[in-house]
Structure formats: C-alpha cells, structure tokens
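Asker: My questions concern the predicted model and sequence given below.
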Amino acid sequence: MRRRKRLCAIVLGLCLCLGLVGLCLPRATSAPAFSDVPGNAWYAAEVNAMAQGGLLKGYPDGSFGPERDVSRGEFSAMVARRGGLEREAAPGEYWCGATLEQLFQRGWLPGRWAPYAPQARQGGDFFEAAITREEAIFLLMEALSPADRGLAAEAGDVADYDRLDPELAPVILAAYRAGVTNGLPDGRFDPQGRLTRAQAAVILYRAGALAAPPLTGELRVVNQWDSGADHFIQYDLIVTAHEAVDGWSLTLQGQAAAEQFWNCAVEATEGGLRVTGADYNAALQAGESATAGLIVRGGALTVAGSAGQTAPAGQAQPSQPPAVEVTVPVGEIKPLHVEGTRLADPEGNAVQLRGVSTHGLAWFPDYVSEDAFRTLRDDWGANVVRLAMYTAEYGGYLTGGDQAALKALIHKGVTAADALGMYVILDWHILSDGDPAAHTEEAVEFFAEMSAKYAQYDNVLYEICNEPQNSPWGSVIKPYAQAVLAAIRQNDPDAVVIVGTNTWSQDVEEVAGDRLDDPNVVYAFHFYAATHKDSYRQKVERALDAGVPVFVSECGLCDASGGGGVDAASAQAWFELLNRRGVSFVAWSLCNKNETAALLRPDCAKLSGWTEADLSESGRLFRQAISGGAID
C-alpha cells in the first residue's frame, strides 16, 4: 500500500492536450497486457487500459517492469504519447530522441535539462536516469495543465519547500493550487523521490480519466446598453453539473466590474470575476443546472476554458458584415497604417498581407534568402515573410543563442524582402517563456535596436510577443506592450506593431474596450485549423465587431501540436472568414521538418524554387490560399 500513497492523489482538471488531439481513453480493465502485471495488482486496470489504448509500451520480452523506476526518457515519452507528440526515432538514434527533441522545442521540459538538448537524439545516462517527482510534476503541468500555471499555493503548504529546485518551485506550487498534487500524508512533497513505472502509468491514466470538468458554464447575453461613456451588459450564467457537487464556482474572464448580481455571489479577481453559487443553488446533482444573473460595466466576459458567450434564445443574431474590398499588393511596398480593423495604404485602400513564417531562425537559417522569398512571391503570391526568432528555447536569443548571428539573419531577411517588394515581420517568438513581462528589459533593448536600424524601411512590422500564456491582458501583456512600444516609437513613430494576446494568442476579444493608446497596433490571433474551429472563428468575429484590428500572424492547417492530419474544411472556413473581413494571415512554417505543419516535404532539400511535388499537404493548400484561390 505504501506505493499507492506515493501517487500523491493526482487529480487533473481540463487536459488541454487531450482536447487538441482528441484521444479516447478506453475504460479501465484488468485484461492482461504484460506478463508481469497480475490481474489483481492495484495498478493492473490502469496499466492494461493504457496499453490497450496504445498509450503505454513495455519491453521486447513482453514485460512491463512495474516496480522499476521510470526514467526521464520513459516518462517524457509517456507524456508525449498522451499529448500526441511522440515521434519515431531514425535508425541509430536514441529510442525516444526525436520525441525529446519535440518536447524541448515545446518548452515542456525543465530548464535544467537544456544542456542535454543537443544530445537528445543520441541519448545518454541523463535520459536513462530516474526522473524525480518534481521533474515529473513539472512535465505534467507544462503538458497537460498549462492553464493552471497562473495559480499559486503558499510555500507553507509544502513542508519541504526549501528542498524544491528554485526553477521548478513556482510550478509545483501551481500544481498544489490546481489540485494536481496534494503531496505526501506527512505534508512533504519529496521533490527528489522517484516514481515507479506503475505509478507513472496510473498518474497518466487518471489525467485522462478525469479530463471532463465536473462543471461547465454558459453565458447568455440578455441585454446591453450604453450610459454616458460606459457600456453595460446583462448576462444569464447557466451552470451545469456533470457530477454531483456540494458547491460551484466559475471564473469569468474579461475586464468588467459587477454592478448587480442575483442567485450568486461575485468577487473581483485579477483579469475577471469569480461567481459562486448561493446557499440555495450551490449543491447540484449530476445533470442539474442553476441559473445566476449579473450586470457588468466594461468589456465582454467569457467563461474560463469555454468558447464564450452566446446570444439568448429568440434574439436575432447580427447580420454578417459585408465583405471588405482589399488589395493584396505583391512586389510593391507602401507604408502601412491601421484604419478601423484592418491595414491600409497611404491612399486609404484596405490591404491584406498573406505570407509565410520561417521556423526558428536558429534551427532553419538557410531558408532566409532572397531566392527563397522570391519563390514565395512569384509562385505563391506572398507579400509578407515573418522572421521567427525564438527567445527561450534551445539556441534562442535569451538562452545561449548567438545573438549576433540571429540579428545578422534578421538583417538578411529584411533586406531580401525589401529588394523584392515584400513586407517582413520581426517576431519576438516567446513560447515556453509564456509571460512576456519576464523579459521586458531584454525586449525593450532588442526592439529599440531594431527600430533604430530599420526606421527608414517601410516594409518592416514588429511582433513583440508571439504567444503569451497565463498572462492577463490588462495586468501583464498591456503594460509590457506599453514599455516595448515606447522604445519602438522613439525611433519609428508609424510602423505597424503586432501585439500577442493571452492563451497562445487566442484571447483577442479580451482587448475590446482596453486597447493600447497607439493608432498603429494590431492584435495577434493564432489558429490551427484541426484544433480551432467554429468557437474560435466566433472569437475573431466578436473582436472585429468590437473594433479590434486583428492580425493572424501564425496559423496552421493541422492540430495545435504541429502534427496530426490536415483539416481542409476547417481551413477553408478560416480563409473565407479572413478574406471576407480583410484580416492578414501568415502560414507556419517554411521548413522541411518532419511534422504536418511544415510547408515542405521532409525529403525536400531545396532551399528555393519549389515545385508542387516538393510541398507537403499543408504547403500545397497554403500556396492555394495565399494566391487567393479556394483550397482543394
């Protein structure tokens, strides 16, 4: 029984990666899958179910090794398999080396593992060594519950807090607050303790089995009106229990103040409101619902983790805005500015940029060339290239990368685009470092230098934070953007600046009513068509309808991991929306990496002059979309 107690009462809420890849976990069963897993073992049902679902693997002799310590490589592979990121190793490579490389690039692995990233495909003692409990919880939080990173428990909740690695401690505290771990019965976390393979399998099984939230909430707009300079919205909040609960509480995200409320209690939180059931409607049986109401002053609200608000039954839906007449200039550069919700040229003509993003400059530098850009311009009809400079990943600008070489690549890209009459985006590509404010000083310094150097180039746009995460707009991203904008405006007062939004640049509607005080700012939205569908298209429509200028600075046709299959139907719906509303878009990514999102086939060695046979399915469809045609 001692080993069961060491499972730390793992309880995960929403498992984001499960939602992205649509995994279906089989019901726990005791049917034997391995020769050394007895049917009556406490872990048998979970191990066998995971194995039957293709999510767990044993050894060539048919054994599982339940009592063996799980290694760093093994646990990483288990989590990657659960999240759809497992990659097959090439002959002669470490068995999970390609998978580890994926996880390094996603930022899921502890920073202290970074020195071993170059050795991932070769393996070694580091990856064969047992993973520690704090490393395992960190990986689970990064992979399966990133939305909880903004939470934090008190250090006093962990009896041996002083033994935690300082880098991992904030994530461990977030795990406590989110309910991912409760520690050991004596109050310790035991950060250097180990996990057996059986324990690891049960943890991951429960992460999937408990993926469905016990409660969901739906906001319905009942009425809205203006009074003086203030905007008011009346909502009904319908809360539905999917299992019996003694009380309910939901977070509403957005910049709004509660003026009145009924059938609930409301508390202001950072970035939103917390709504809790009243005494008489707090307890709900499975399938029961409760309705609360509130009137707020300010911007629109969404239920945390949901697609957002809906119109009430019987209320007429707004008519679809008429299509915007846009120009897609190719081979011609004119200064751009923001006019309404879109870009415009000096004559006031609406302009749509359509183009391609590089992958990380440090990883695929050879595609930054005038020849490559010319192919994109002449064969694809592209008029913009995005230069993606990672900040925190391996080889990133702030993590040991060659800064002089990266800036030289940027200059090569800017001048090549300028010579070809193309626009270019300088992308400060935060990803694993999800809080942009963590590197405000470095970003200010970088963009001050870039804007001074390229102030006379009419083709340069600045993207100052690629994909923030767990960073509320009003309290984190907006102040960061104000600091970076100030540095840019000292040198380049009119350049268009793209500002990322929270949750991997998907919460663009949060900007409504709280935009930056700068006329030439657009707000980033990112989508991957197989993951982000109607509810996300509605987010973009709501933002545009609220007057927010949107720029899709990164998009893909597969799932959000960069893998999986292409969803052509969802992709076509996206392109129809973007073209109808005049929203610029940039495809991810120009490389031959072995993933669905890469625009070139893995076996394509060409650096320019690509034929259709050289393109991946994503590349072929993006080429059609960028050139203005329907995809097929």
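Answerer: That came through fine.

Asker: Does anything pack onto whichever strand or helix holds Met450? Which helices or strands?
Answerer: Per DSSP states H and E, Met450 falls inside helix 440-454. Counting contacts by 3 or more C-beta pairs under 8 Å, 6 or more residues apart in numbering; DSSP states H and E, helix 440-454 packs against helix 403-419, strand 423-429, strand 460-463, helix 478-491. The C-beta positions use only the backbone N, C-alpha and C, and glycine is treated the same way.

Asker: Let's see that with 6 Å instead.
Answerer: Applying 3 or more C-beta pairs under 6 Å, 6 or more residues apart in numbering; DSSP states H and E, one finds that helix 440-454 contacts helix 478-491.

Asker: Low-confidence ranges, the stretch 51-200 of the chain, go.
Answerer: 53-54, 82-85, 143-156, 177-182 (pLDDT under 70).

Asker: Which stretches in it count as helices?
Answerer: Here the stretch 51-200 of the chain has its helices, by DSSP state H, counting those that start in this stretch, at 72-82, 97-106, 125-128, 133-144, 169-178, 197-209.

Asker: do you know which of these lies nearest Glu510?
Answerer: Comparing the helices of the stretch 51-200 of the chain by their distance to Glu510 (C-beta to C-beta), the top pick is helix 169-178, with 21.3 Å.

Asker: relative to helix 133-144, how tilted is that closest one?
Answerer: If you take axes from the mean of the first three to the mean of the last three C-alpha atoms, to 10 degrees, helix 169-178 sits at 70 degrees to helix 133-144.

Asker: next one: helix 169-178 to chain centre, how far?
Answerer: 20 Å (C-alpha atoms, centre = their mean, to the nearest Å).

Asker: would you turn the helices of the stretch 51-200 of the chain into TSV with distance to Leu301 and mean neighbour count?
Answerer: Below are those laid out as TSV (distance: least, C-beta to C-beta, whole Å; neighbours: other C-beta atoms under 10 Å):
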stretch	distance to Leu301	mean neighbour count
helix 72-82	32	24
helix 97-106	30	22
helix 125-128	45	14
helix 133-144	26	24
helix 169-178	22	21
helix 197-209	29	23
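
Asker: Give me the neighbour count for the residue lying closest to Tyr94 once chain neighbours are set aside.
Answerer: Sequence neighbours aside, Gly123 is the residue nearest to Tyr94 in space, at 3.0 Å (criterion: C-beta to C-beta, 6 or more residues apart in numbering). Residues lying near Gly123 (other C-beta atoms under 10 Å) number 18.

Asker: where's Gly123 relative to Ser475, distance?
Answerer: According to C-beta to C-beta, to the nearest Å, Gly123 stands 43 Å off from Ser475.

Asker: How about Gln119?
Answerer: Applying C-beta to C-beta, the value for Gln119 to Ser475 is 39 Å.

Asker: neighbour count winner among these two?
Answerer: Applying other C-beta under 10 Å to Gln119 and Ser475 shows that Gln119 carries more neighbours, namely 15 against 12.

Asker: Would you quantify the distance from the more buried one to Tyr94?
Answerer: Per C-beta to C-beta, Gln119 is found 8 Å from Tyr94.

Asker: Hmm, Glu101 is touching Gln122, no?
Answerer: No: contact criterion C-beta atoms under 6 Å: Glu101 and Gln122 do not qualify, at 10.9 Å.

Asker: domains for the chain, by residue range?
Answerer: Domain assignment for the chain by automatic domain parsing gives 2-209, 215-310, 337-626.

Asker: Can you report phi and psi for the residue positioned nearest the centre of the chain?
Answerer: Centroid-nearest residue in the chain: Trp504, 3.5 Å away (criterion: C-alpha atoms, centre = their mean). Dihedral pair for Trp504: phi 60, psi 40, per degrees, to the nearest 10.

Asker: Would you check how far apart it and Ser471 are?
Answerer: 11 Å.

Asker: The residue nearest to the centre of the chain is in contact with Glu467, isn't it?
Answerer: Yes: Trp504 lies in contact with Glu467 (C-beta under 6 Å); the separation is 4.3 Å.

Asker: Let me see the ranges of the strands in the stretch 201-350 of the chain.
Answerer: Taking DSSP state E, counting those that start in this stretch to define them, one finds strands in the stretch 201-350 of the chain at 215-227, 230-241, 249-253, 256-262, 264-269, 272-277, 289-298, 302-303, 309-310, 337-339, 342-344, 350-351.

Asker: So for Asp494, which of the ones you listed sits nearest?
Answerer: Judging the strands of the stretch 201-350 of the chain by C-beta to C-beta, what sits closest to Asp494 is strand 337-339, at 6.6 Å.

Asker: Given that closest one, what are its sheet partners and their directions?
Answerer: Strand 337-339 has the following sheet partners, assigned by DSSP bridges: strand 342-344 (antiparallel).

Asker: can you give me the mean pLDDT across the strand it pairs with?
Answerer: Mean pLDDT, strand 342-344: 93.

Asker: for stretch 470-483, same thing?
Answerer: Stretch 470-483 shows an average pLDDT of 95 in the prediction.

Asker: start to end distance for it?
Answerer: One end of stretch 470-483 to the other measures 19 Å (C-alpha to C-alpha, to the nearest Å).

Asker: Tell me how far that stretch lies from the chain's centre.
Answerer: 17 Å.

Asker: Buried residues of that stretch, list them for me.
Answerer: Asn470, Ser471, Pro472, Trp473, Gly474, Val476, Ile477, Lys478, Tyr480, Ala481, Ala483 (16 or more other C-beta atoms under 10 Å).

Asker: which one of the residues you listed sits closest to Val303?
Answerer: Pro472 (15.5 Å).

Asker: Need phi/psi at that closest one.
Answerer: According to degrees, to the nearest 10, Pro472 has phi -60, psi 140.

Asker: one step back: let me see the confidence value for the residue nearest to the centre of the chain.
Answerer: In this model, Trp504 is scored at 94, pLDDT.

Asker: Counting neighbours, what do you get for Glu93?
Answerer: Look at Glu93: counted by other C-beta under 10 Å, it has 15 neighbours.

Asker: circling back: so how far is Gln122 from the residue nearest to the centre of the chain?
Answerer: 31 Å.

Asker: now swap in Asp494 and tell me
Answerer: Counting by C-beta to C-beta, the gap from Asp494 to Gln122 is 50 Å.

Asker: Check the gap between the residue nearest to Cys96 when sequence neighbours are not counted and Val70 for me.
Answerer: In space, Cys96 comes closest to Ala77 once its chain neighbours are excluded; the distance is 4.4 Å by C-beta to C-beta, 6+ apart. From Ala77 across to Val70, the span is 10 Å (C-beta to C-beta).

Asker: One more: Pro468?
Answerer: Applying C-beta to C-beta to Pro468 and Val70 gives a distance of 33 Å.

Asker: For those two, indicate the residue with more neighbours.
Answerer: Neighbour tally, Pro468 and Val70, criterion other C-beta under 10 Å: the higher count belongs to Pro468, 28 against 23.

Asker: Where does the prediction get shaky in this protein?
Answerer: Using pLDDT under 70, the chain drops low at 1-32, 53-54, 82-85, 143-156, 177-182, 206-215, 242-243, 270-271, 304-324.

Asker: who touches Ser584 in this structure?
Answerer: For Ser584, the contact set (C-beta atoms under 6 Å, 6 or more residues apart in numbering) comprises Gln352, Leu353, Phe551.

Asker: make it 10 Å
Answerer: 326, 328, 336, 342-343, 351-355, 383-384, 423, 425, 461, 496, 498, 522, 549-553, 578 (C-beta atoms under 10 Å, 6 or more residues apart in numbering).

Asker: Burial check on Gly563, number of neighbours?
Answerer: Per other C-beta under 10 Å, the neighbour tally for Gly563 reads 22.

Asker: when you give positions from now on, start the count at 47
Answerer: All set: I'll call the first residue 47, so the last point we hit is now Gly609.

Asker: looking at it, it is touching Leu603, isn't it?
Answerer: No: at 11.6 Å, Gly609 does not count as touching Leu603 under the criterion of C-beta atoms under 10 Å.
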